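Colleague: Need coordinates for the below:
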Amino acid sequence: MIGVAVGARVVAVDVSPGALDLAKRFGAAECVLAGDGPEGTAARVRTATGGGADVSLDALGAAATCAASIGGLRRRGRHVQVGLLPGETSLPMGRVIAHELELVGSHGMAAHAYPPMLELIAAGVLRPGLLVTRTIGLDDAPDALTRPGAHPGVTMIIPSSSG
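Modeller: Got it, this is the predicted structure:
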């Protein structure tokens with residue numbers, strides 16, 4: 001949603017067809033179903049982008065998604081790693097060096113960047129409420145937290161009103 005709002009041609013990648021349906025609904029130009037390993041996913045991204053993406057973003061934080069994200073970049077592309085990677089993770093550094101790729105780590109959006117984002121929300125360009133696809137009670141939260149990705153979109157946890 002944010003990429004499309006700022007004029008990017010977005011290629012969404014996910015293992016969930018439901019998540020890709022949401023991405024398409026919010027403006028993704030192409031959707032790539034991952035699941036056959038980083039090399040296959042990266043090859044489909046390079047095809048969908050005509051040679052590789054300028055920028056890739058991994059917010060999951062798994063070695064396979066990071067490797068696929070790096071593998072889908074064009075020469076001199078930039079990969080942003082938002083999701084924390086577990087322990088010692090092997091990355092395709094040969095590709096990073098050969099293609100002069102840039103790897104950037106991020107903890108998320110800096111506070112000084114909030115005002116322009118909030119302006120896009122106020123103008124109706126970004127509509128984050130549309131990303132909420134279900135609500136659950138607090139009692140259902142433990143089960144939902146142990147099954148990440150079971151439901152596409154954002155799950156809102158509503159505390160009970162009793163007490």
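Colleague: Outside of the longest helix seen in the chain itself, list whatever touches it.
Modeller: For the chain, the helix reaching the highest residue count under DSSP state H is reported as helix 38-48. Contacts of helix 38-48 from elsewhere in the structure, counted by Cβ atoms under 8 Å, 6 or more residues apart in numbering, are 11, 13, 30, 32, 34-35, 52-53, 56, 64-65, 67-72, 74. For the C-beta atoms, the positions are set from N, CA and C on the backbone; glycine is no exception.
Colleague: repeat that with 6 Å
Modeller: For helix 38-48, contacts defined as Cβ atoms under 6 Å, 6 or more residues apart in numbering pick out 11, 30, 32, 34, 52, 64, 67-68, 71-72.
Colleague: Note down every partner strand of the helix or strand following it and its orientation.
Modeller: Following helix 38-48 in sequence order, the next helix or strand is strand 53-58 (DSSP states H and E). Note on strand 53-58: by DSSP bridges, its sheet partners are strand 73-81 (parallel).
Colleague: Any buried residues in the partner strand, and which?
Modeller: 73-74, 77, 79, 81 (16 or more other Cβ atoms under 10 Å).
Colleague: and of those, the nearest to Arg134?
Modeller: Gln81 (28.2 Å; Cβ to Cβ).
Colleague: Can you show me the helices along the chain?
Modeller: For the chain, applying DSSP H gives helices covering 2-5, 17-25, 38-48, 63-71, 93-98, 114-122, 141-145.
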